[in-house]
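J.: need coordinates for the below:
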Amino acid sequence: MFINYIVATWAGKRKDQAEYSKFLESTLDIHMVHLYEHGYKDIDRVTIVCPRIPKKHYDTYYRFDKWKKMFGNKLVILKYQGANKHYSYDQWIQGMKNCPQADYHILIEDDYILSCPDVIPKLVDEYKRLFPNNIGYMCSFYRNDNSKLPCSIFNHAAITNGIISNDTIKNMKRPLKKFYKIKSAHQIAFTGLFLHRNIPVKDFRRLCGIPFYSSFSCKLQNYSLNDREYNYPFIAPLQLYSNDYLEKALMLEY
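T.: The predicted model follows:
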């Protein structure tokens, strides 16, 4: 089984985030350290999608030399094609189309991390349970408020980190072109790629806590099932962790 782990990235300056602000330049590096510690054995390829670097950016955000030593031939640096006006979503599509040999694609943003070992096998197992025909998109949190519309603000992947089979992608002709044609919020448009083709979208909330960091309010939010505590998440925002924990991650040598 071939796992393609796709990281959507952004080296541009980000909104100040109180105590976490000093780690903003190291966001992707912390992510890669956690991936090495918790997911190296379970992945076959790490695809880092790199958009054009804006004028206001972090100089040492991309630390390719370090990561190449860690991941070797598993690491692929994919130059993003386009103006990067669609956040993570078309980065993920480009990353999936660039790796047709994969069986599954893990979709994750740079400021989220695998928070414990063996997350990827658990995600694959849950995916197979939810989609017996291996066709579907499993996200972290799917908002379904029984809207009559197939895809709307009430009915879409609200936290999009997740997993998609390559069988799903093979059934979607020109997904990038179709994505750009959907005139809606980017997150809703991404979900629409699947729902408008009658491809099911579900989430893995029954397995773990689902914390979310809002870049608008600069606060952690809880989207866990039945509002339970978001303990033991599979995928977590970096802001969930203490400064001491993040500093120790940056001190690890490889």
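
J.: got the contact list for the one helix or strand residue 179 maps to?
T.: Using DSSP states H and E, residue 179 sits in helix 175-181. Applying C-beta atoms under 8 Å, 6 or more residues apart in numbering, the contact partners of helix 175-181 are 86, 89, 90, 93, 94, 97, 169, 172, 189, 190, 193. Every residue, glycine included, has its C-beta placed from N, CA and C.

J.: and the fourth one, that one's in a strand?
T.: No: assessed with DSSP: H, G, I helix; E, B strand; the rest coil, residue 93 is helix; it does not lie in a strand.

J.: identify the residues contacting it.
T.: Contacts of residue 93 by C-beta under 8 Å, 6+ apart are 175, 176, 179.

J.: from residue 31, how far off is it?
T.: Look at residue 93 and residue 31: by C-beta to C-beta, to the nearest Å, they are 20 Å apart.

J.: and what of the third one?
T.: When C-beta to C-beta is the yardstick, residue 90 and residue 31 sit 20 Å from each other.

J.: that older thread, of the contacts of helix 175-181, which is the nearest to residue 207?
T.: residue 190 (22.1 Å; C-beta to C-beta).

J.: related to what we said a few turns ago, show me which residues of the helix holding residue 179 are buried.
T.: Buried residues in helix 175-181, counting neighbours by 16 or more other C-beta atoms under 10 Å, are found at 175, 176, 178, 179.

J.: can you pick out the most distant pair from those?
T.: Within those, two members stand farthest from each other by C-beta to C-beta: 176 and 178, at 7.4 Å.

J.: let me know how buried the nearest residue to residue 205 once chain neighbours are set aside is, in neighbour terms.
T.: Spatial nearest neighbour of residue 205, excluding adjacent residues (C-beta to C-beta, 6 or more residues apart in numbering): residue 225 at 4.3 Å. Neighbour count for residue 225, taken as other C-beta atoms under 10 Å: 14.

J.: quick check, pLDDT for residue 225.
T.: pLDDT, residue 225: 83.

J.: and for residue 252?
T.: pLDDT at residue 252 comes out at 75.

J.: for residue 52, same thing?
T.: On the pLDDT scale, residue 52 is placed at 88.

J.: can you tell me the SS state at it?
T.: Residue 52 - assigned by three-state DSSP - is coil.
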